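> sequence and computational prediction follow.
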Amino acid sequence: MNAARNAPGSVAVDDELWSAVGDPIRRRMLDLLLTGDGGTATTLSEQLPVTRQAVAKHLGVLGRVGLVHDTPSGRERRYEVDEAQLARAVAQLSSVGAAWDARLHRIKRIAEAIQHDRDEHDPDD
């Protein structure tokens, strides 16, 4: 998997993982698999606005990043979410969110300091 670190102190983000979950159909598929305790390409395609073939391709993407695993089930394959990999994705999202919250807080403090300096130097405003 391709993991990238953008800058010192930044959070390592697995680009392939985030590319996989960046698609709304794949996120919906994960939701359906979690709430339905797994499923096949056919059962998923019945609940999504895409063909069975498209569902199979999306499942392939999710499988390559480890978010789903499959087992034979008759003529099809049954897919289930890999909860450990999903937890890893959630942890990454939380870390990225916390890093951005800290950055935005810092920007807010800088903007407030600039405004304070302006107010002190120009009392007529």
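Ah, there it is. Numbers count the residues shown, from 1 in each chain.
> show me what the longest helix seen in the chain is packed against.
The helix spanning the most residues in the chain, taking DSSP state H as the definition, is helix 83-121. Helices and strands touching helix 83-121, by 3 or more C-beta pairs under 8 Å, 6 or more residues apart in numbering; DSSP states H and E, are strand 13-14, helix 15-21. For the C-beta atoms, the positions are set from N, CA and C on the backbone; glycine is no exception.
> pass me the low-pLDDT residue ranges in the chain, would you?
For the chain, the stretches with pLDDT under 70 are 1-13, 123-125.
> for residue 39, find the nearest of the helices and strands packed on helix 83-121.
Proximity to residue 39 (C-beta to C-beta) singles out helix 15-21 among these, at 17.4 Å.
> now could you export just the CA positions of that closest one as CSV?
Provided in CSV are the C-alpha atoms of helix 15-21 (Å, rounded to 0.1, in the frame of the first residue of the first chain):
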residue,chain,number,x,y,z
ASP,A,15,-3.5,7.2,-0.3
GLU,A,16,-4.8,4.0,-1.8
LEU,A,17,-7.1,3.4,1.2
TRP,A,18,-8.5,6.9,1.0
SER,A,19,-8.9,6.7,-2.8
ALA,A,20,-11.0,3.5,-2.2
VAL,A,21,-13.3,5.1,0.3
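> elements contacting it?
Against helix 15-21 (3+ C-beta pairs under 8 Å, 6+ apart) you get helix 24-35, helix 52-64, helix 83-121.
> give me the neighbour count for the residue nearest to residue 70 when sequence neighbours are not counted.
With sequence-adjacent residues excluded and distances taken as C-beta to C-beta, 6 or more residues apart in numbering, residue 70 is closest to residue 77, at 4.1 Å. Using other C-beta atoms under 10 Å, residue 77 has 16 other residues around it.
> do the same with residue 102
By other C-beta under 10 Å, 11 other residues sit near residue 102.
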